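> what follows is a predicted protein model with its sequence.
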Amino acid sequence: MPLTLTSTAFTHRSEIPAKYTCEGHDISPPLTWSGIPAEAKSLVLIIDDPDPAAPKMTYVHWVLYNIPASASSLAEAVQQLPAGTRNGLNDWRRAGYGGPCPPIGRHRYFHKLYALDTLLPDLNNPTKAALEAQMKGHVIAQGELVGTYQKRK
């Protein structure tokens, strides 16, 4: 069974509701997953936007790691992360969720969940790049949910 990541707020490749963006309440959407391999020791969630206009970079919106493999969801506007879960830094240089806020046009937001065969050491709020370096060779499954957003104002 493949690792599947879903949300009750939006479907794959559809528009993310404004309440989860900078034009709304800027809260994290509800996320649910299934198909975690039995040998998984932890999960990683990365939400990023590869579509910025300039400079050409992928903008990171949320980084979580060491999510227990036994967890199956994150609630909307999550305040209490599953025990042991650690935050990384987003591109606002802070821990936690930062919602879509594209400067121009419609952007894609990739919600990526990785199952790892290990528990990562405490990395002290790593960037996405630092976390991905630690994950290398440990990813045993991954799932993805893509949402889009374009500012209305």
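Happy to help now that I have it.

> where do the strands sit along the chain?
In the chain, the segments counted as strands under DSSP state E are 4-6, 14-15, 31-34, 42-49, 59-68, 73-74, 86-87, 107-116, 139-149.

> average model confidence for the fifth one?
Averaged across strand 59-68, pLDDT comes to 97.

> please apply the same query to the fourth one.
Taken as a whole, strand 42-49 carries a mean pLDDT of 98.

> list the contacts of that strand.
For strand 42-49, the external contacting residues (CB atoms under 8 Å, 6 or more residues apart in numbering) are 31, 33, 36, 58-69, 71, 74, 97, 100, 102, 107-116, 118-120, 128, 131, 135. Backbone N, C-alpha and C define where each C-beta goes, glycine included.

> drop anything exposed from those residues.
31, 33, 36, 59-69, 71, 74, 97, 100, 102, 107-111, 113-116, 120, 128, 131, 135 (16 or more other CB atoms under 10 Å).

> for D117, what are its contacts?
39-41, 138, 140.
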